[in-house]
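A.B. asks: Predicted structure and sequence below. I'll ask about it afterward.
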Amino acid sequence: MYACLCLVFLFFTSIAEATYYPPGGFHHLSSLRQIKKSSSKSKPELPFETRYFPQNLDHFSFKPESYKVFHQKYLINGSFWRKGGPIFVYTGNEGDIDWFASNTGFMSDIAPKFKALLVFIEHRFYGESTPLGKKSPKTAETLGYLNSQQALADYAILIRSLKQNLSSEASPVVVFGGSYGGMLAAWFRLKYPHITIGALASSAPILHFDNIVPLTSFYDAISQDFKDASVNCVKVIKRSWEELEAVSTMKTGLPELSKKFRTCKGLQSIYSARDWLMSAFVYTAMVNYATAANFMAPLPAYPVEQMCKIVDGFPRGSSNLDRAFAAASLYYNYSGSKKCFEMEQPTDDHGLDGWGWQACTEMVMPMSISNQSMFPPYDNDYEAFQDQCMGRYGVKPRPHWITTEFGGKRIETVLKRFGSNIIFSNGMQDPWSRGGVLKNISSSIVALVTKKGAHHADLRAATKDDPEWLKEQRMQEVTIIEQWITQYYKDLREEE
Ligand SMILES: *[C@@H]1O[C@H](CO)[C@@H](O)[C@H](O)[C@H]1NC(C)=O
Ligand SMILES: *[C@@H]1O[C@H](CO)[C@@H](O)[C@H](O)[C@H]1NC(C)=O
Ligand SMILES: *[C@@H]1O[C@H](CO)[C@@H](O)[C@H](O)[C@H]1NC(C)=O
Ligand SMILES: *[C@@H]1O[C@H](CO)[C@@H](O)[C@H](O)[C@H]1NC(C)=O
Ligand SMILES: *[C@@H]1O[C@H](CO)[C@@H](O)[C@H](O)[C@H]1NC(C)=O
């Protein structure tokens, strides 16, 4: 099973059934569909100017086709900035940049203090920054230019151009990112130290590659979150899978399940229902924020606890599957606006289409599910994954490429002698935290870890209900960034 970061496209092939392949390929996008209505209806006006930067298709070869230009979207707000002042850049991840900008209020919150220029750059091949047009075929021929190294080079080139246009080449640049964007921020600091003075990498699972962390860690962490909320809740969810399995043996099982699960169309397979349930639990653990939020879907504060309250609130003897369904409905229908649930027709509202390609080439993050977890056990089947990638894109994954290109193994020993000015922040309730850097590496490569805290919670805008530990984590980040900037200006003065 393979998963994407923000949007865990669960590769639900053959968890229970070796021969089962879900309709529509290996992406599981049904949970994205659920956020469609809420996100497109009330798209807020973001406090940024939108610009487009002409970018070369390929930075690493000099063939004529490399020079094809596409327009990379970026957002900018200079209302706090003065010339020479710092530039805060968000290194965009696998989706529309507007979506990340509206969930990264931290940068806007601290910009006045630093008199910083705010810039959010969209990742190539996502959102509007599609080099070959939205309708181009999804084949290796076109998608070959979609990878993290090209993206980092895009950021470097755009930042240099921006500084030149602003006649502010000495401005210090600090990069920020969450999830895959956090990985990019950290790697950007390592690869382009002459362009950025430091990186805040929030919830960046840069160790989720090449067996550095145990394959079961992601799903184990989710199970732990639910266990912390209620032991009974975990038991119920764990038992619900058998009840679901049993449906497939019954003659009228699928129509009955479709009715019970209020699906928009009759289910073709029980595994769509299973994926739908699993996704709800996975995403809710990821966004188990301390305050009500709307990142993946509108949800109340601490939604994992709310789900478990639903599970535990059923009368004795209720079906486990009914309880699991009710819990999952919190994720998909908290707004109460869903007439029915779409479980088998994937859609993509945040422009995330490219992740399947990235997961099949460089972002190879194998996962297994242990029999101790609350999910159906699953042993990673690398061969099956490889076959899927061959079938879908005609490419073979390169599972060792990321650790070759960016490192990761023995990271502490390596980075304490090389590299500086990176904050790795994590909340341990985020399942991705297990693949993050959780220990201090040197005096300037630090890990800020909170016991609670979900997927890049620190990057969200401050609210009046924020808990103390979150305020403190953000305060520490501000202090560290301030040190980087002070040091930078001191060095600059000494050069002159
Ligand atoms: C920039 O941010 C400020 C403060 O949030 C806001 O008042 C202003 O409208 C923004 N500018 C643009 C172009 O959106
Ligand atoms: C800088 O200015 C040039 C020339 O007007 C323009 O093409 C380019 O897009 C600008 N760079 C950025 C980052 O906006
Ligand atoms: C969504 O919630 C509303 C309000 O509670 C309810 O009326 C509706 O039936 C729910 N939709 C589904 C598909 O369960
Ligand atoms: C659970 O997995 C462990 C380790 O793979 C194995 O030793 C054990 O027998 C399994 N237990 C069950 C009930 O399948
Ligand atoms: C890393 O060091 C900072 C102080 O610089 C400290 O606040 C933090 O708790 C340390 N992180 C870990 C994981 O020990």
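C.D. replies: Happy to help now that I have it. Just so you know, these numbers come straight off a predicted model, no measurement behind them. Residues are numbered from 1 along each chain as shown. Ligands and ions are numbered 1, 2, ... in the order given.
A.B. asks: Direction included, what does the one helix or strand Q72 maps to pair against?
C.D. replies: Element membership of Q72 [criterion: DSSP states H and E] is strand 69-77. Strand 69-77 sits in its sheet next to strand 49-56 (antiparallel), strand 117-121 (antiparallel), going by DSSP bridges.
A.B. asks: mind checking which of the ones you listed is nearest I480?
C.D. replies: I480 lies closest to strand 117-121 among the strands paired with strand 69-77, at 18.8 Å (Cβ to Cβ). C-betas here are computed from N, CA, C, even on glycine.
A.B. asks: can you list the residues that contact the following helix or strand past that closest one?
C.D. replies: Per DSSP H and E, strand 117-121 leads on to helix 140-143 as the next helix or strand towards the C-terminus. Contact with helix 140-143 is made by F125, L132, S136, G354, W357, Y393, G394, V395, as judged by Cβ atoms under 8 Å, 6 or more residues apart in numbering.
A.B. asks: Closest one to ligand 5 out of those residues, please.
C.D. replies: G354 (33.2 Å; Cβ to the nearest ligand atom).
A.B. asks: is the strand holding Q72 anywhere near ligand 2?
C.D. replies: No. Using Cβ under 6 Å from any ligand atom, strand 69-77 stays clear of ligand 2, with a minimum separation of 7.1 Å.
A.B. asks: can you dump the C-alpha coordinates of that strand into PDB?
C.D. replies: What follows is strand 69-77, C-alpha atoms only, in PDB (Å, rounded to 0.1, in the frame of the first residue of the first chain):
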ATOM      1  CA  VAL A  69       7.800  27.500 -21.400                       C
ATOM      2  CA  PHE A  70       4.900  27.000 -19.000                       C
ATOM      3  CA  HIS A  71       3.400  29.500 -16.600                       C
ATOM      4  CA  GLN A  72       3.900  28.800 -13.000                       C
ATOM      5  CA  LYS A  73       1.400  30.400 -10.700                       C
ATOM      6  CA  TYR A  74       2.500  32.200  -7.600                       C
ATOM      7  CA  LEU A  75       0.800  34.300  -4.900                       C
ATOM      8  CA  ILE A  76       2.400  37.400  -3.500                       C
ATOM      9  CA  ASN A  77       1.600  40.000  -0.800                       C
END
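A.B. asks: got the CA positions of the helix or strand L200 falls within in CSV?
C.D. replies: In the assignment (DSSP H and E), L200 maps to strand 198-202. Extracted in CSV, the C-alpha atoms of strand 198-202 (Å, rounded to 0.1, in the frame of the first residue of the first chain):
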residue,chain,number,x,y,z
GLY,A,198,16.6,28.4,6.5
ALA,A,199,13.6,26.2,6.3
LEU,A,200,10.6,25.4,8.4
ALA,A,201,9.6,21.9,7.4
SER,A,202,6.4,21.0,9.1
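A.B. asks: Toward the C-terminus from that strand, list the very next helix or strand.
C.D. replies: Taking DSSP H and E, what comes next after strand 198-202 is helix 217-229.
A.B. asks: now that next one, how far from the centre of its chain.
C.D. replies: With Cα atoms, centre = their mean, to the nearest Å as the basis, helix 217-229 stands 18 Å off its chain's centre.
A.B. asks: where does whichever residue of the chain sits closest to ligand 3 land on pLDDT?
C.D. replies: In the chain, the residue found nearest to ligand 3 is G336; the distance is 3.4 Å by Cβ to the nearest ligand atom. Listed pLDDT for G336 reads 95.
A.B. asks: now the helices for the stretch 201-350 of the chain?
C.D. replies: Using DSSP state H, counting those that start in this stretch, the helices found in the stretch 201-350 of the chain span residues 217-229, 231-247, 253-260, 270-286, 303-313, 320-333.
A.B. asks: Give the buried residues for the last one.
C.D. replies: Right, the one you point to is helix 320-333. 320-325, 327-333 (16 or more other Cβ atoms under 10 Å).
A.B. asks: what ranges do the strands span in the stretch 351-496 of the chain?
C.D. replies: Here the stretch 351-496 of the chain has its strands, by DSSP state E, counting those that start in this stretch, at 422-427, 445-450.
A.B. asks: among those strands, which is the most enclosed?
C.D. replies: Among the strands of the stretch 351-496 of the chain, strand 422-427 has the highest mean neighbour count (mean count of other Cβ atoms under 10 Å), at a mean of 28.
A.B. asks: Would you mind measuring from the nearest residue to P112 once chain neighbours are set aside to L118?
C.D. replies: The shortest distance from P112 to any non-neighbouring residue, by Cβ to Cβ, 6 or more residues apart in numbering, is to F80 (5.0 Å). As judged by Cβ to Cβ, to the nearest Å, F80 and L118 stand 8 Å apart.
A.B. asks: quick one, which of the two is more surrounded?
C.D. replies: Neighbours per residue, other Cβ atoms under 10 Å: of F80 and L118, the larger number sits with L118, 24 against 17.
A.B. asks: Was I right to think that one contacts I76?
C.D. replies: Yes. Between L118 and I76 there is a contact under Cβ atoms under 8 Å: 6.8 Å.
A.B. asks: Just want the angle from the longest helix seen in the chain to strand 198-202.
C.D. replies: The longest helix of the chain (DSSP state H) is helix 468-495. Here helix 468-495 runs at an angle of 160 degrees relative to strand 198-202 (axes from the mean of the first three to the mean of the last three Cα atoms, to 10 degrees).
A.B. asks: helices or strands next to helix 468-495 in the packing?
C.D. replies: The contact analysis (3 or more Cβ pairs under 8 Å, 6 or more residues apart in numbering; DSSP states H and E) places helix 468-495 against helix 105-114, strand 173-178, strand 198-202, strand 422-427, strand 445-450.
A.B. asks: residues of that helix that come out buried?
C.D. replies: L470, Q473, R474, E477, V478, I480, I481, W484, I485, Y488.
A.B. asks: now swap in stretch 215-232 and tell me
C.D. replies: So stretch 215-232, judged by 16+ other Cβ under 10 Å, has buried residues 215-230.
A.B. asks: Most neighbours among the contacts of helix 140-143, which one is it?
C.D. replies: The most crowded member of the contacts of helix 140-143, judged by other Cβ under 10 Å, is F125 (25 neighbours).
A.B. asks: can I assume it is in contact with L146?
C.D. replies: Yes. At 4.2 Å, F125 counts as touching L146 under the criterion of Cβ under 8 Å.
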